[in-house]
Structure formats: C-alpha cells, structure tokens
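K.L.:
Need coordinates for the below:
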Amino acid sequence: MKTLCIALFVGIVCIGKANSLWCYRCEDEPSNWNCMKMVKCAETDKFCTTTINSSGKDKNISYRLSKKCVPTCTENFIDTGLGSISTKCCENSLCNFSGANSVKMSTAVMAVGTLASLFYIFRSGL
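P.N.:
Residues are numbered from 1 along each chain as shown. This is a model prediction of the structure:
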C-alpha cells in the first residue's frame, strides 16, 4: 500500500511538471546573453516567443530582443528598410533560446533571393 501511494504521488508530480511551460524572459535587451532568465509560464500561456527589433543600416545595425510567455502567438517578419521586427513562436519549454539569428537568417535569405533574381534578369538579357 505504501508503494502504491508513493507511485501515485510521483505520477501526479510528473504529470504536473509535464504540463508546465517554461520560457526564457527578457525585455528590450541588446544581447541574447541578457535573455537567459527562465520563468514558469501561467497555465493560460501556450507559447514562448522571441521578438527581435533591428534598426540602422549597414554596420550600424542594433538589435533589441524580448522573450516571454504568451497565450497565443502569430509569427511575423516586417522589414521597413530602416529596420525590422521579427516574432518567432514555439510550444516547448525553453524553446525560445536563440537570439538574433532568426533576423540575420531572414535578411540573408532575402539578400540571396534578390541576388538570384538580379542574376536571372541580367543573364536572360531583360
């Protein structure tokens, strides 16, 4: 009987932990190193997010990161030419670890696409 009670207790504790979402949290930080604080999300929160704001041009680009728990999430990427805002969503504990890589990757993908388009236009003689 004692063994059954212990097994039941362990099962309840494990189920409770499995349903808890943990995310990294920070607000308007210049570096991902400042965004390593882990927080337990509210029961209503289902996503971890990372939002990256960039501003400036060329070598004068600055990044500001925010990470948090949210109940709903919509991924987006907006580039105004003078800056960009990117929001990434994920549903697993501590999945919002990464920082500015997503903005840099999106910019790199856009640059490669633009260069490929220009190459095609010049090669076809249009």
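K.L.:
contacts, neighbours, all on C-alpha from now
P.N.:
OK.
K.L.:
At which residues are the strands of the chain located?
P.N.:
Applying DSSP state E to the chain gives strands spanning 22-29, 37-40, 47-55, 62-70, 76-79, 83-90.
K.L.:
okay, those in JSON lines with mean pLDDT next?
P.N.:
Below are the strands of the chain laid out as JSON lines (pLDDT from 0 to 100):
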{"stretch": "strand 22-29", "mean pLDDT": "97"}
{"stretch": "strand 37-40", "mean pLDDT": "96"}
{"stretch": "strand 47-55", "mean pLDDT": "95"}
{"stretch": "strand 62-70", "mean pLDDT": "95"}
{"stretch": "strand 76-79", "mean pLDDT": "95"}
{"stretch": "strand 83-90", "mean pLDDT": "95"}
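K.L.:
Ok, which of those strands comes nearest S98?
P.N.:
strand 47-55 (8.1 Å; C-alpha to C-alpha).
K.L.:
Not counting that closest one itself, show me its contacts.
P.N.:
The contact list for strand 47-55, computed with C-alpha atoms under 8 Å, 6 or more residues apart in numbering, reads 21-24, 61-73, 82-96, 99-100, 103.
K.L.:
neighbouring strands for it, and are they parallel or not?
P.N.:
The strands that strand 47-55 pairs with in its sheet are strand 62-70 (antiparallel), strand 83-90 (antiparallel) (by DSSP bridges).
K.L.:
Comparing those, which comes out most buried?
P.N.:
Of all the strands paired with strand 47-55, strand 62-70 carries the top mean neighbour count, a mean of 21, counting by mean count of other C-alpha atoms under 10 Å.
K.L.:
Contacts for that strand, please.
P.N.:
Strand 62-70 is contacted from outside by 22-32, 35, 41-42, 44-56, 96, 99-100, using C-alpha under 8 Å, 6+ apart.
K.L.:
Verify the contact between N92 and L21 for me.
P.N.:
Yes. Counting by C-alpha atoms under 8 Å, N92 does reach L21; the two are 6.9 Å apart.
K.L.:
Now do E27 against T50, distance only.
P.N.:
With distances taken as C-alpha to C-alpha, to the nearest Å, E27 is found 10 Å from T50.
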